[in-house]
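Chemist: return atomic coordinates for the entry below.
(4 chains)
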Number of protein chains: 2
Amino acid sequence: MQQVRGRPREFDPEQALSAALQVFWERGYEGASLTELTEAMGITKPSLYACFGNKEALFRKALDLYERDKLCYMRSALQEPTARAVAERLLRGTLAIQTGGGDPRACLGVISMVACTTQADSIKHEVVARQASSHSALVERFERAREEGDLPTHIDPKALASYLTAVMQGMGVQAGTGASAEHLQQLVETTLQMWPSK
Amino acid sequence: MQQVRGRPREFDPEQALSAALQVFWERGYEGASLTELTEAMGITKPSLYACFGNKEALFRKALDLYERDKLCYMRSALQEPTARAVAERLLRGTLAIQTGGGDPRACLGVISMVACTTQADSIKHEVVARQASSHSALVERFERAREEGDLPTHIDPKALASYLTAVMQGMGVQAGTGASAEHLQQLVETTLQMWPSK
DNA sequence: TGATTTCCATACCGATCGGTATATAGTGAT
DNA sequence: ATCACTATATACCGATCGGTATGGAAATCA
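Modeler: Have a look, this model is predicted:
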């Protein structure tokens, strides 16, 4: 699989991809120009195109990395024993991502879904599809919770999942517009106070 | 104030501004090109610049119109007698905006706050500032509600306002990514079910 | 009817966008 | 040393961006 002939590349693709992810996360898909990307990645445009295809393919690979590194808590959160514990881990995980770096920033998915309006609706559809699959996993988890008597019967699991997702998306919006870490933390605590008890 | 000499303009500025608002609302500030704007407004670029200044000034005027036409329910919602009624009117008003046109779409403010990443952070700051003022009005309303015994004492009015705002922003994100009107309606009902009772 | 003022239409501006052609430099195999 | 191959660097491509200069056309004044 490895190339043997020809000049070897002078950069580490994974490291370059990680740098690209940071730019996409900060600027969004359309806001990230190739100039910014190549400067952050430390490579030139032909190198980028030879290694990653084009801007859209690069973004998809960055999205894969993002899900693997940043959203792994979502999968593990579903394994918590109660619906409330699931929600708590999701909320705290979201908080950790948004306040992890320097300034709070929204989830990359939220940024991409809202910001891609002009040419890049294929990107938007991609992100929406990925989000939909994790959403349905959350719905199933809450359905199981209700069967286990873990949720009040007057609560619809599907609606509850959408509601929780909306809160996290709203956190993202506020994180992207100057909200402090303390502010976001308060938001998490308040949401947990609201959580339905049986 | 009115011009008397010279050729009168052939279009209605208010009508043109309304058309511009629709484009901004659909595409966001950066996503709306002058070509799209002028075509929708039915005027040429020199006419636009003579009448509205430039793209940014046009957007601010469109934002004024948006607040006047679409967000007037926010002011009146604060006059409801109870905190819960305030929240209900805010949520239903948001729902009405997002599902009012053809396809559900996010609040223009949310779109602008999230999408403006590159050059237009002056736009972003403008929208954030406007949002901040209406947010503080909501905080004051909830503080009054707690004084009136209308909210449980363990609830912080500031956090509650941020929470409610987050839910509405999350509704906007979902509205902009293909959520149906029924879906958004469920979201509103669920949030109201969660609302703290004294 | 001029004279003046303003609007509209066309064509254009420099800058930037995503993407690429070309030529050179560096590698392993022969 | 030469060949086949690939990465890099530079310079460039057409398209589009927001914004304007220019040259009539139209309406109101005298």
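Chemist: quick check on the residue of chain A found nearest DNA strand D: phi, psi?
Modeler: For chain A, the residue closest to DNA strand D is A:G6, as judged by C-beta to the nearest atom of the strand, at 2.1 Å. Backbone N, C-alpha and C define where each C-beta goes, glycine included. The phi and psi values for A:G6, taken as degrees, to the nearest 10, are phi 90, psi 170.
Chemist: so where is chain A shaky, pLDDT-wise?
Modeler: A:1-4, A:118-119, A:198 (pLDDT under 70).
Chemist: returning to that earlier point: the residue of chain A closest to DNA strand D - how many residues pack around it?
Modeler: Residues lying near A:G6 (other C-beta atoms under 10 Å in any protein chain shown) number 6.
Chemist: for chain A, list the residues in contact with DNA strand C, please.
Modeler: Where chain A comes near DNA strand C, counting by C-beta under 7 Å from any atom of the strand, the residues are A:4-8, A:30, A:32-36, A:45-46, A:49, A:54-56.
Chemist: after the helix or strand containing A:L164 comes which helix or strand?
Modeler: Following DSSP states H and E, one finds A:L164 within helix A:157-175. Following helix A:157-175 in sequence order, the next helix or strand is helix A:181-194 (DSSP H and E).
Chemist: remind me what that next one packs against, helices and strands.
Modeler: helix A:83-100, helix A:157-175, helix B:157-175 (3 or more C-beta pairs under 8 Å, 6 or more residues apart in numbering or on different chains; DSSP states H and E).
Chemist: nearest to B:L17, of these?
Modeler: Across these, B:L17 has its closest neighbour in helix B:157-175 (22.5 Å, C-beta to C-beta).
Chemist: just the CA trace of the closest one, in CSV.
Modeler: The C-alpha trace of helix B:157-175 is given here as CSV (Å, rounded to 0.1, in the frame of the first residue of the first chain):
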residue,chain,number,x,y,z
PRO,B,157,-33.7,33.8,36.5
LYS,B,158,-30.6,34.5,34.5
ALA,B,159,-29.9,30.9,33.9
LEU,B,160,-33.5,30.3,33.0
ALA,B,161,-33.5,33.0,30.4
SER,B,162,-30.3,31.6,28.9
TYR,B,163,-31.9,28.2,28.9
LEU,B,164,-35.0,29.3,27.1
THR,B,165,-33.0,31.2,24.6
ALA,B,166,-30.9,28.1,23.9
VAL,B,167,-34.0,26.0,23.3
MET,B,168,-35.3,28.6,20.8
GLN,B,169,-31.9,28.8,19.1
GLY,B,170,-31.8,25.0,18.9
MET,B,171,-35.2,25.1,17.3
GLY,B,172,-33.7,27.5,14.7
VAL,B,173,-30.9,25.1,14.0
GLN,B,174,-33.3,22.2,13.5
ALA,B,175,-35.7,24.4,11.4
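Chemist: run the chain-centre distance for that helix.
Modeler: Relative to its parent chain, helix B:157-175 has a centroid offset of 13 Å by C-alpha atoms, centre = their mean, to the nearest Å.
Chemist: that helix and chain A in contact?
Modeler: Yes. Using C-beta under 8 Å from any C-beta of the partner chain, helix B:157-175 comes into contact with chain A via B:158-160, B:162-163, B:165-174.
Chemist: and the angle from that helix to helix A:181-194?
Modeler: Here the directions of helix B:157-175 and helix A:181-194 differ by 90 degrees (axes from the mean of the first three to the mean of the last three C-alpha atoms, to 10 degrees).
Chemist: give me the angle between helix B:157-175 and helix B:83-100.
Modeler: 20 degrees.
Chemist: before we move on, what SS does the nearest residue in space to A:E26 that is not next to it in sequence have?
Modeler: Using C-beta to C-beta, 6 or more residues apart in numbering or on different chains and skipping residues adjacent in sequence, the residue nearest A:E26 is A:R105, 6.9 Å away. Of the three states, A:R105 takes coil under DSSP: H, G, I helix; E, B strand; the rest coil.
Chemist: which one of the helices and strands packed on helix A:181-194 lies closest to A:M113?
Modeler: helix B:157-175 (6.4 Å).
Chemist: buried subset of the residues of helix B:157-175 next to chain A, written for PyMOL?
Modeler: Buried subset of the residues of helix B:157-175 next to chain A, written as a PyMOL selection, criterion 16 or more other C-beta atoms under 10 Å in any protein chain shown:
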select buried, chain B and resi 158+159+160+162+163+165+166+167+168+169+170+171+172+173+174
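Chemist: which one of the residues of helix B:157-175 next to chain A is nearest DNA strand C?
Modeler: The shortest gap between DNA strand C and any of the residues of helix B:157-175 next to chain A belongs to B:V173, at 23.1 Å (C-beta to the nearest atom of the strand).
Chemist: which bits of chain A sit near DNA strand D?
Modeler: A:3, A:5-11, A:43-47, A:50-51.
Chemist: next, give me the two most distant ones among these.
Modeler: Farthest pair in the residues of chain A next to DNA strand D (C-beta to C-beta) is A:R5 and A:K45. Separation: 23.9 Å.
Chemist: how far out from the middle of the chain is the longest helix that chain A contains?
Modeler: In chain A, assigned by DSSP state H, the helix with the most residues is helix A:121-147. Offset of helix A:121-147 from its chain centre (C-alpha atoms, centre = their mean): 12 Å.
Chemist: which helices and strands sit right next to it?
Modeler: Here helix A:121-147 is seen to pack against helix A:55-69, helix A:83-100, helix A:108-115, helix A:157-175 when contacts are counted using 3+ C-beta pairs under 8 Å, 6+ apart.
Chemist: about what we covered before: between A:R5 and A:K45, who's got more neighbours?
Modeler: With neighbours defined as other C-beta under 10 Å, A:R5 and A:K45 compare such that A:K45 has more, 11 against 5.
Chemist: how about the longest helix of chain A: buried residues?
Modeler: By neighbour count with 16+ other C-beta under 10 Å, helix A:121-147 contains the buried residues A:123-124, A:126-128, A:130-131, A:135, A:138-139, A:141-143, A:145-146.
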